[in-house]
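J.: Fold the stuff below for me.
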Amino acid sequence: MATPISPNEMQKWIEREIAEQPHIGFRKALMDIVLEARSPFDPRARRKPKAACVLGAVLFVAAAICFCYFNLGS
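T.: Numbers count the residues shown, from 1 in each chain. Below you'll find the model as predicted:
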């Protein structure tokens with residue numbers, strides 16, 4: 001029969017396993033969505049932002065400026 005494990009031990013084990021996996025993480029997933037794909041030949045090369053994300057950011061900022069101008073301006 002297997003020995004019982006406390007929830008704290010299980011959480012520490014999961015955190016340790018995730019920390020050993022450098023390709024896993026919320027920040028890395030977000031950067032993969034926003035930036036172009038990594039180069040397999042030069043992994044340290046700077047990545048450019050995707051055009052769709054830049055366009056979305058510009059439209060969001062423009063909409064926020066219009067909202068503030070028409071609703072908060074005097």
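
J.: residues touching Ile18, list them.
T.: By CB atoms under 8 Å, 6 or more residues apart in numbering, the contact list for Ile18 reads 24-25. No exception for glycine: its C-beta is placed from N, CA and C like everyone else's.

J.: what's downstream of the host helix or strand of it, the next helix or strand?
T.: Using DSSP states H and E, Ile18 sits in helix 7-19. Later in the chain than helix 7-19, the nearest helix or strand by DSSP H and E is helix 26-34.

J.: Please enumerate residues in contact with that following helix?
T.: 47, 49-50, 53.

J.: Please list the members of those residues that lie in helices.
T.: Applying DSSP state H to the contacts of helix 26-34, the entries found in helices are Cys53.

J.: Compare the contacts of helix 26-34 and tell me which is most surrounded.
T.: Ranked by neighbour count (other CB atoms under 10 Å), these have Lys50 at the top, with 15 neighbours.

J.: In this model Glu36 seems to touch that one, though I could be wrong.
T.: Yes: using CB atoms under 8 Å, Lys50 is in contact with Glu36, at 6.1 Å.
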